[in-house]
Structures are given as structure tokens and as C-alpha cells.
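# model the structure of this input:
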Amino acid sequence: MSNWIEVGEVETIPRLSARVIETAQGSVAVFRTSEDEIFALEDHCPHKGGPLSQGIVHGTKVTCPLHNLVMDLTNGKAVEPDEGCTTSIPVKVNQGKIFISLKE
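Numbering: from 1, shown residues only. The predicted model follows:
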């Protein structure tokens, strides 16, 4: 079962950036693309645990700030030739407010 939690407004996250939300399940990085798409991933790179929230957002991808591993924001998987994945968190936007869904 999922629990939708309001985590802020779209406008509070600069384009091509992220915000970290602390949850009981760990840190979640909420990303905003240049096209105002919103994505959420667990905030750790599968390679060395780097903070994805501090990475460079480009298109629907983020590059880890530690070792340049590129992650797909749409599914949490590393982009080839990189390998690995992090958990993708369901996200929705309603009237400019961002909600993430965490498992109970």
C-alpha cells in the first residue's frame, strides 16, 4: 500500500536541480527538469553512494557528482555503458504541489 506525501511546490525547485526530502525510509531526491518534469529517486548513487541530488541534471538524466555515473530519472537505472540502479519513487504533481508515494 502506498502513502502519498506532499513535499513542496514545483516552483521551489530550480530548473535542472533537486531538493532532498528526509523520510523514514531514507533520503529522497526530487528533481525538476528544464521542461518542468518532476522525478524522485533515492538520493544515493549505486556506484559509490554519492548524493544524486548534487548531480548535474540534463534532459531526464542526472550525472552523479562523484564518479560521473549517469542515471535515468524516469526509472532509476544507470544509462549504458554504466550499470546499476537506485529506487525510483512514484511522484505526481497536483495544482503545482509535488507528492511522492512511499510504501508503508
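
# how about the contacts made by Ala29?
Ala29 is in contact with 18-21, 40-43, 51-53, counting by CB atoms under 8 Å, 6 or more residues apart in numbering. Placement of C-beta: from N, CA and C, glycine included.

# if we go to 10 Å?
Neighbouring residues of Ala29 by CB atoms under 10 Å, 6 or more residues apart in numbering: 18-21, 39-44, 51-55, 62, 71, 73, 86, 89.

# I'd like the mean pLDDT over the helix or strand harbouring it, please.
Using DSSP states H and E, Ala29 maps to strand 26-32. For strand 26-32, the mean pLDDT works out to 97.

# for it, which residues meet the burial criterion?
By neighbour count on 16 or more other CB atoms under 10 Å, the buried set for strand 26-32 is 28-32.

# list the pairing partners of it within its sheet, with orientation.
In the sheet, strand 26-32 lines up against strand 17-23 (antiparallel), strand 38-42 (antiparallel) (DSSP bridges).

# on that earlier part again, now a PyMOL select for only the buried ones of the contacts of Ala29.
Buried residues among the contacts of Ala29 (16+ other CB under 10 Å), as a PyMOL selection:
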select buried, resi 18+19+21+39+40+41+42+43+44+51+52+53+55+62+71+73+86+89
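
# any chance of a markdown table for the strands paired with strand 26-32, columns distance to Val93?
Listed next are those as a markdown table, based on distance: least, CB to CB, whole Å:
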| stretch | distance to Val93 |
| --- | --- |
| strand 17-23 | 14 |
| strand 38-42 | 6 |
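
# tell me which of these sits nearest to Glu80.
For these, proximity to Glu80 was assessed by CB to CB; strand 38-42 is nearest, at 17.8 Å.

# in the protein, which ranges drop under the pLDDT threshold?
Low-confidence segments of the chain (pLDDT under 70): 1-2, 104.

# ok, the buried residues of strand 26-32 vs Val10, which is closest?
Of these, the one sitting nearest to Val10 (CB to CB) turns out to be Arg32, at 6.6 Å.
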